[in-house]
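Engineer: this is a predicted model, with the sequence first.
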Amino acid sequence: MPPPGAPGVTGAQAVVKVLLEQGVEVVFGIPGGAVLPLYDALYGAPIRHVLARHEQGAALAADGYARASGRVGVCIATSGPGATNLITGLATSYLDSVPVVAITGNVARPFLGTDAFQEADTFGLSMPVTKHSYLVLDPEELPAILREAFAVAASGRPGPVLVDIPKDVFTATLSAAAWDRPLRPALPVRGDVGPCVAPVPPLPARGDGAPPAAPRLAGTGRGTNPNGYDEAARLIARARRPVLYAGGGVIVAGAAGVLRRLAEAAVLPTTTTLMALGAMPGDHPLFLGMPGMHGTYAANMALTETDCLIAAGARFDDRVTGRVSAFAPEAAVIHIDVDAAELGKVKTPRVALAAGAREGLEALLEALGRVPPEEWCARKPWLDQVERWKQARPYRYDRDLARRELLPQAVIEELERATAGDALVVTGVGQHQMWAAMFYRYRRPRQFLTSGGLGTMGYGLPAAIGAQLACPDARVLCIDGDGSFQMNVQELSTLAELGLPVKIFIINNRAHGMVRQWQDLFYEGRLAASVFEHQPDFVKLAEAYGVAAYRITHPDELAGTVREALARPGPVVVDCVVRQAENVLPMVPPGAALKEMIVG
């Protein structure tokens, strides 16, 4: 392949050169006619290509790779159905702010808009679910656009970017000048990124296990009045019932360390959303647990009673707030977010700080140091109240029943014991997702990966593949439900081909469990289309794919089988046949306030 800038470099070769320039080591994809020139250029290149069995699997594997590593994930698909199959995966990344670059092929430029074979408006379809989308019509712009795509994906509030490339752009020969074309001065993106000034380099690891924040680019909301931090610091110091509320932006920004320092310095009870589990160690005395629909009693009551709410990297999702008018009704809200569009969108803040979570929390911690000691309010009465809530209603289940029947909560607890709480856990979506969040205590950022915003069933297996490739030395557990697992079960073939040591535990309740639970609680028990009348034999299914498998049906089998499965080399599936009627509790009913939770 000619070097960059040399005569004779094709568009496809330029794509590979940019991927190498950006430090890309792994891409996920499926070839097809419109991207065959790119696959030919990838042949022999020092980039590992993972052949997914469905393009959605490729997109979700790229998402899992990005979440686990903090680097940009890359996926490739052909035109038409290949590209449309990426859409759910890109929407998953968009709603959870995950940096992914998707490269799609399209029909040659003369055939665009003619309904040619496997033509689709990939650009138009992807716009609502990407941070930015490109259709490359000028081959000379291709290197600059790809560099720009990586910069946009990783900067500000991260997210997916799609680059759609017609087949004849892949095969066109670029001039030497094309390689040196600068990035454009500004881009119309989601509202959190301004001028793009440089390609994003590979991100080195940080000491606290999180990657550094992406290179800072000037953007909307910068230049916030520094006095806002002093005002926020005074509100915190004078508060009698403060709560620190961390969202996924804390993980994205590598801000877990400063979050903990702030909580300890100001003595702030802290709650982290589903997307931020691990930002505060699960066994920390100031940790309240997860808030919201299936949050802890302590977190939900603290959010109801607080008089000062410090929100960092959180978007006040409806699954967290419950009825918004009853969420922190007496609180002075301090909101830190890299995306200025989030400030005041749901809850009006007293102080709005448009900044990345790490830089915002560091500035706030510095401002707290300027508050005179005599202005600080005593915290002990509030801490005592929080501790009473913790002791009154912790997460729990019927342990007497668990000695007779296999319960999902007991499976999760056994997994934590067997892995010493050190596994990288990836889940699908459903009841099992909530139990994995509730009964496994996370101790570090990027230890828990799940689809939060979109709630994408089928996320677990492909994302676990991506996570294991990103972190080859990690013990990766995929905790999935029988319904969610079957939505991307074909990726077992990918897993077997790669021989990755991902251990999959299927919480098999023979139903779409969360749907069944809602029907049980809110539809008078009418179980319409939520219980499976037929199920595959997951052990035989796994073995057919070449994956070792076990089944657990009784509590007496649990500990031994879990340890045997974890000790076995390579991928393993464990079918955990659990009690179908088990519900995820506590639960805040739809439209209810957090304090109106069903506690069981």
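Structural biologist: Yep, it's here.
Engineer: now the helix or strand of the chain with the lowest mean pLDDT: how far from the chain's centre is it?
Structural biologist: Scoring the helices and strands of the chain by mean pLDDT, DSSP states H and E places helix 176-179 at the bottom, with a mean of 89. Computed by CA atoms, centre = their mean, to the nearest Å, the chain-centroid distance of helix 176-179 equals 37 Å.
Engineer: now for it, which elements pack on it?
Structural biologist: Contact partners of helix 176-179 among helices and strands, from 3 or more CB pairs under 8 Å, 6 or more residues apart in numbering; DSSP states H and E: helix 142-154. The C-beta positions use only the backbone N, C-alpha and C, and glycine is treated the same way.
Engineer: what is the rounded mean pLDDT of the helix it packs on?
Structural biologist: On average, the pLDDT along helix 142-154 is 98.
Engineer: quick one: contacts for residue 577?
Structural biologist: Residues counted as contacts of residue 577 (CB atoms under 8 Å, 6 or more residues apart in numbering) are 406, 508, 510, 551, 552, 553.
Engineer: any idea how far it is from residue 556?
Structural biologist: Residue 577 sits 13 Å away from residue 556, going by CB to CB, to the nearest Å.
Engineer: what of residue 329?
Structural biologist: 49 Å.
Engineer: wouldn't residue 502 be in contact with residue 462 here?
Structural biologist: No. Using CB atoms under 8 Å, residue 502 makes no contact with residue 462, being 10.5 Å away.
Engineer: looking at those two, which has the bigger crowd around it?
Structural biologist: A count of neighbours by other CB atoms under 10 Å puts residue 462 above the other of residue 502 and residue 462, at 32 against 27.
Engineer: so the more buried one sits in a helix?
Structural biologist: Yes. Under DSSP: H, G, I helix; E, B strand; the rest coil, residue 462 sits within a helix.
Engineer: and the pLDDT for it?
Structural biologist: 99.
Engineer: and the one 3 residues further on, by the same measure?
Structural biologist: Residue-level confidence at residue 465 comes out at 99, pLDDT.
Engineer: can you offset everything so residue one is 72?
Structural biologist: That works, and once the first residue is 72, the last one we named lands at residue 536.
Engineer: okay, now it: neighbour count?
Structural biologist: Neighbourhood size, residue 536 [other CB under 10 Å]: 31.
Engineer: count of residues packed around residue 437?
Structural biologist: Neighbour tally, residue 437, other CB under 10 Å: 12.
Engineer: can you tell me which residues contact it?
Structural biologist: residue 300.
Engineer: what helix or strand does it sit in?
Structural biologist: Assigning secondary structure by DSSP states H and E places residue 437 in helix 428-439.
Engineer: residue 472 is in contact with residue 478, isn't it?
Structural biologist: Yes. Contact between residue 472 and residue 478 holds when scored by CB under 8 Å: they sit 6.6 Å apart.
Engineer: tell me which of the two has more neighbours.
Structural biologist: Neighbour totals were compared for residue 472 and residue 478, and residue 478 leads with 23 against 13 (other CB under 10 Å).
Engineer: and that one, how far from residue 628?
Structural biologist: From residue 478 to residue 628 the distance is 13 Å (CB to CB).
Engineer: need the next SSE after whichever helix in the chain runs longest, C-terminal direction.
Structural biologist: Counting residues, the longest helix in the chain under DSSP state H turns out to be helix 126-140. Downstream of helix 126-140, the next assigned helix or strand under DSSP H and E is strand 144-148.
Engineer: tell me how far whatever helix or strand comes next after that following strand is from the chain's mean position?
Structural biologist: Where DSSP H and E defines the elements, the next helix or strand beyond strand 144-148 is helix 152-155. Relative to the centre of its chain, helix 152-155 is centred 23 Å away, using CA atoms, centre = their mean.
Engineer: tell me the mean pLDDT over the helix or strand following helix 152-155?
Structural biologist: Using DSSP H and E, the helix or strand that follows helix 152-155 towards the C-terminus is helix 158-166. Averaging pLDDT along helix 158-166 gives 99.
Engineer: against which helices or strands is helix 158-166 packed?
Structural biologist: Against helix 158-166 (3+ CB pairs under 8 Å, 6+ apart) you get helix 126-140, strand 171-177, helix 193-197, strand 231-237.
Engineer: redo the ones you listed as a markdown table? Include mean pLDDT, mean neighbour count and distance to residue 483.
Structural biologist: A markdown table is the format used below for the helices and strands packed on helix 158-166 (pLDDT from 0 to 100; neighbours: other CB atoms under 10 Å; distance: least, CB to CB, whole Å):
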| stretch | mean pLDDT | mean neighbour count | distance to residue 483 |
| --- | --- | --- | --- |
| helix 126-140 | 99 | 30 | 20 |
| strand 171-177 | 99 | 29 | 29 |
| helix 193-197 | 97 | 20 | 36 |
| strand 231-237 | 99 | 28 | 30 |
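Engineer: residue 669: which of those is closest?
Structural biologist: helix 126-140 (31.0 Å; CB to CB).
Engineer: still on that earlier bit, just want the angle from the longest helix of the chain to helix 158-166.
Structural biologist: 30 degrees (axes from the mean of the first three to the mean of the last three CA atoms, to 10 degrees).
Engineer: now the closest residue to residue 568 other than its chain neighbours, what are its backbone angles?
Structural biologist: Computed as CB to CB, 6 or more residues apart in numbering, the closest residue to residue 568 that is not its neighbour in sequence is residue 122, at 7.4 Å. As for residue 122, its main-chain torsions (degrees, to the nearest 10) stand at phi -80, psi 100.
Engineer: so what's residue 122 bridging to?
Structural biologist: residue 100 (DSSP bridges).
Engineer: pLDDT wise, what is it at?
Structural biologist: 99.
Engineer: tell me the secondary structure at residue 385.
Structural biologist: Three-state assignment for residue 385 (three-state DSSP): coil.
Engineer: and for it, the neighbour number?
Structural biologist: That count, for residue 385 with other CB under 10 Å as the rule, works out to 28.
Engineer: quick one: residues contacting it.
Structural biologist: 316, 317, 318, 319, 320, 344, 347, 391, 406, 408.
Engineer: check the burial of the fifth one by counting its neighbours.
Structural biologist: Looking back up the chat, that one is residue 320. If you count neighbours by other CB under 10 Å, residue 320 ends up with 29.
Engineer: next, work out how far apart it and residue 129 are.
Structural biologist: Distance from residue 320 to residue 129, counting by CB to CB: 26 Å.
Engineer: do the same with the last one
Structural biologist: Relative to residue 129, residue 408 is positioned 30 Å away (criterion: CB to CB).
Engineer: which ones among the contacts of residue 385 lie within helices?
Structural biologist: Using DSSP H, the contacts of residue 385 in helices are 319, 320, 391.
Engineer: was I right about the first one contacting residue 522?
Structural biologist: No. Applying CB under 8 Å as the test, residue 319 and residue 522 come out as separate, 11.5 Å apart.
Engineer: can you pull the residues that touch both of these two?
Structural biologist: residue 167.
Engineer: those two - which one has more neighbours?
Structural biologist: It is residue 522, of residue 319 and residue 522, that has more neighbours when counted by other CB under 10 Å, with 31 against 25.
Engineer: what is the neighbour count of residue 600?
Structural biologist: For residue 600, using other CB under 10 Å, the count is 9.
Engineer: now do residue 396
Structural biologist: Neighbours of residue 396 under the rule other CB under 10 Å: 8.
Engineer: check residue 462 too.
Structural biologist: Around residue 462 there are 10 other residues, counting by other CB under 10 Å.
Engineer: give me phi/psi at it?
Structural biologist: Main-chain torsions, residue 462, degrees, to the nearest 10: phi -70, psi -30.
Engineer: for residue 348, see how far away it is.
Structural biologist: 22 Å.
Engineer: quick one, strands of the stretch 322-471 of the chain?
Structural biologist: Along the stretch 322-471 of the chain, the segments classed as strands by DSSP state E, counting those that start in this stretch run 341-343, 358-360, 379-383, 403-408, 422-425.
Engineer: all set now, cheers.
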